[in-house]
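Novice: have a look at this fold, sequence not included:
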């Protein structure tokens, strides 16, 4: 990295950064650690993507052709664990490390040594997880949710999977404590909470969510561990336990988790749209309250993942209506982003393309989520490819696109160089076309009844599966363009100016603080 990332190491020691690779091993500098998180996330993105391509290669046509069914199950399980805990969360933590101290005017993160430790636990955790694929009996094959009793049937790898999940959780909790401590204690004088950029707000709320729910996951997987090795029967009906209890505990973690994966994305999009619309963010305070409402509601909707387990009708009704309520603050956010673009002097550079792509496709995912909230409909949709289409529309154009948007947006600040705009736009368009070719047909096969997580399927689903698999390989290989753009930008290129985005008048990087009073009766001047 350039001088930008070596800027303030004085905090590490008085002799400047350590030479060579030891600098990266011992660093307590927030920019270096942010870079490490982002590079780790990129490597895991290709590992998890490779697993997805194995799944889609098997599903290209009916019948069993490519891989053993047990290995197929391992791939569906590991793909999810890698993408959630190894790609999206570390990338968001990397962005938080890089940007939060600068956005709030702090010199570094509040707990720099803890910061170093919370990163270096991650590669160790994923080495443990990936090593299970080489163990007798293969990797975990019970789905990423690790439902009992299915997940208890695995080979020798089971304990290693649980162990690695504990490490991922420790890393997340320590990172979150650090972020909360930084935001509360290290803001520049005069920066009240309601003057913070929205990216900082979304991360503050996300950090509290993580601190609240990671211990719940730890408890659930520890009970699985004792059921398997120590003769307890928390989830075994034969010993008086209840397998459905595991689902309740898991989803009490799992539903806030899906908002952990998307709230920082909301903060990123709230930074990018005002910059390229050249207008202050519409409705700053309502954005903050909407984010907090989403976080609160995420704790009371967990059983909408469980409409088929035989809950009492009153329970089903409660979870249905609570789930629908989440669409209200989410709708407020979408409205505010559109209102920010309305009558702005908008330009479509690569970060804005990804932000608009996020807006359109995340909304599609949100609408299919509203369909899944309807209990009688969900009983039909449950465990079909419709659910797969829904959450991939939320997570790929949601979380992944926002990470890419953030990378293009802040890369000039990180490296001091402009990225290649032409290749950035090519990356966006190729990715977006293939992404829709990949995930849109899953709505059709899902509504027609194709079950997920199964390596074979009936003939009537063959055509759309072939289309989806072609989309998968197209989308996967188009990410190599992203790597090319990032590497090219890191190595040099046109120097970034102080005002990176033309005509944004210093809006970039800090924009979403409350706007000056504006009636919007006259359009803002076009610069």
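Specialist: Structure's in. What do you need? Model, not experiment: these values are computed from the prediction. Numbers count the residues shown, from 1 in each chain.
Novice: which secondary structure element of this protein has the lowest mean pLDDT?
Specialist: Ranking every helix and strand in the chain by mean pLDDT, DSSP states H and E puts helix 20-26 at the bottom, with a mean of 89.
Novice: what packs against that one?
Specialist: In this structure, helix 20-26 packs against helix 30-58, with contacts taken as 3 or more Cβ pairs under 8 Å, 6 or more residues apart in numbering; DSSP states H and E. Using the backbone N, CA and C atoms, a C-beta is placed for each residue, glycine as well.
Novice: for the helix it packs on, buried residues please.
Specialist: Residues 30-38, 40-42, 44-45, 47-49, 51-56, 58 are the ones in helix 30-58 that count as buried (16 or more other Cβ atoms under 10 Å).
Novice: the inter-axis angle of the helix or strand harbouring residue 103 versus helix 30-58?
Specialist: Assessed by DSSP states H and E, residue 103 sits inside helix 89-104. With axes from the mean of the first three to the mean of the last three Cα atoms, to 10 degrees applied, the angle from helix 89-104 to helix 30-58 works out at 150 degrees.
Novice: what sits against residue 382?
Specialist: Contacts for residue 382 (Cβ atoms under 8 Å, 6 or more residues apart in numbering) come out as 307-308.
Novice: kindly report the same for the one 10 residues further on.
Specialist: Residues in contact with residue 392 (Cβ under 8 Å, 6+ apart) are 365, 439, 442.
Novice: tell me the SS of it?
Specialist: The three-state label given to residue 392 by DSSP: H, G, I helix; E, B strand; the rest coil is helix.
Novice: quickly note the distance from it to residue 118.
Specialist: Note on residue 392: its distance to residue 118, by Cβ to Cβ, to the nearest Å, is 28 Å.
Novice: where along the stretch 401-527 of the chain do the helices fall?
Specialist: 401-415, 421-447, 462-491 (DSSP state H, counting those that start in this stretch).
Novice: out of those helices, nearest to residue 149?
Specialist: helix 421-447 (26.2 Å; Cβ to Cβ).
Novice: so for the closest one, mean pLDDT?
Specialist: The pLDDT scores in helix 421-447 average 97.
Novice: what of stretch 90-97?
Specialist: Confidence for stretch 90-97, expressed as mean pLDDT, is 97.
Novice: what's the pLDDT at the spatially closest residue to residue 212 that is not a sequence neighbour?
Specialist: Of all residues not flanking residue 212 in the chain, residue 256 sits nearest, at 7.0 Å (Cβ to Cβ, 6 or more residues apart in numbering). On the pLDDT scale, residue 256 is placed at 96.
Novice: can I assume residue 256 is in contact with residue 298?
Specialist: Yes - taking Cβ atoms under 8 Å as the definition, residue 256 is a contact partner of residue 298 at 4.5 Å.
Novice: so for these two, which residues contact both of them?
Specialist: What both residue 256 and residue 298 touch, as defined by Cβ under 8 Å, 6+ apart, is the set residue 209.
Novice: between the two, which is the more surrounded one?
Specialist: Counting neighbours by other Cβ atoms under 10 Å for residue 256 and for residue 298 shows that residue 256 has the greater number, 27 against 22.
Novice: which residues touch the more buried one?
Specialist: By Cβ under 8 Å, 6+ apart, the contact set of residue 256 is 209, 212-213, 295, 298-299.
Novice: and the residues you listed, which are buried?
Specialist: For the contacts of residue 256, buried by 16+ other Cβ under 10 Å: 209, 212-213, 295, 298.
Novice: which element is the residue nearest to residue 212 on?
Specialist: Following DSSP H and E, one finds residue 256 within helix 243-260.
Novice: next, count neighbours for residue 487.
Specialist: Neighbour tally, residue 487, other Cβ under 10 Å: 9.
Novice: now do it against residue 419, distance only.
Specialist: When residue 487 is compared with residue 419 (using Cβ to Cβ), they lie 10 Å apart.
Novice: before we move on, back to that, quick check, nearest of the contacts of residue 256 to residue 341?
Specialist: residue 295 (25.3 Å).
Novice: hang on, that closest one packs against residue 209?
Specialist: Yes - here residue 295 lies in contact with residue 209, judged by Cβ under 8 Å, at a distance of 5.6 Å.
Novice: got any residues that touch both of these two?
Specialist: Shared contacts of residue 295 and residue 209, defined by Cβ under 8 Å, 6+ apart, comprise 256, 259, 263.
Novice: just give the nearest non-adjacent residue to the second one, would you?
Specialist: Right, the one you point to is residue 259. Counting by Cβ to Cβ, 6+ apart, the nearest residue to residue 259 once its immediate chain neighbours are dropped is residue 298, at 4.4 Å.
Novice: so how far is residue 85 from the one you found?
Specialist: From residue 298 over to residue 85 (counting by Cβ to Cβ), the distance is 18 Å.
Novice: one more: residue 467?
Specialist: 30 Å.
Novice: the two: which is more packed in?
Specialist: Comparing residue 467 with residue 85 by neighbour count (other Cβ under 10 Å), the higher total belongs to residue 85, at 26 against 18.
Novice: excluding chain neighbours, what is closest to that one?
Specialist: That would be residue 168: by Cβ to Cβ, 6+ apart, it lies 4.6 Å from residue 85.
Novice: go on, residue 50?
Specialist: Among residues not flanking residue 50 along the chain, residue 476 sits closest, at 7.9 Å (Cβ to Cβ, 6+ apart).
Novice: again with residue 47
Specialist: residue 82 (5.9 Å).
Novice: which residues touch the one you found?
Specialist: Going by Cβ under 8 Å, 6+ apart, residue 82 touches 44, 47-48, 51, 126, 129-130.
Novice: returning to that earlier point: adding distance to residue 371, write the shared contacts of residue 295 and residue 209 out as JSON lines.
Specialist: JSON lines is the format used below for the shared contacts of residue 295 and residue 209 (distance: Cβ to Cβ, whole Å):
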{"residue": "256", "distance to residue 371": "22"}
{"residue": "259", "distance to residue 371": "19"}
{"residue": "263", "distance to residue 371": "22"}
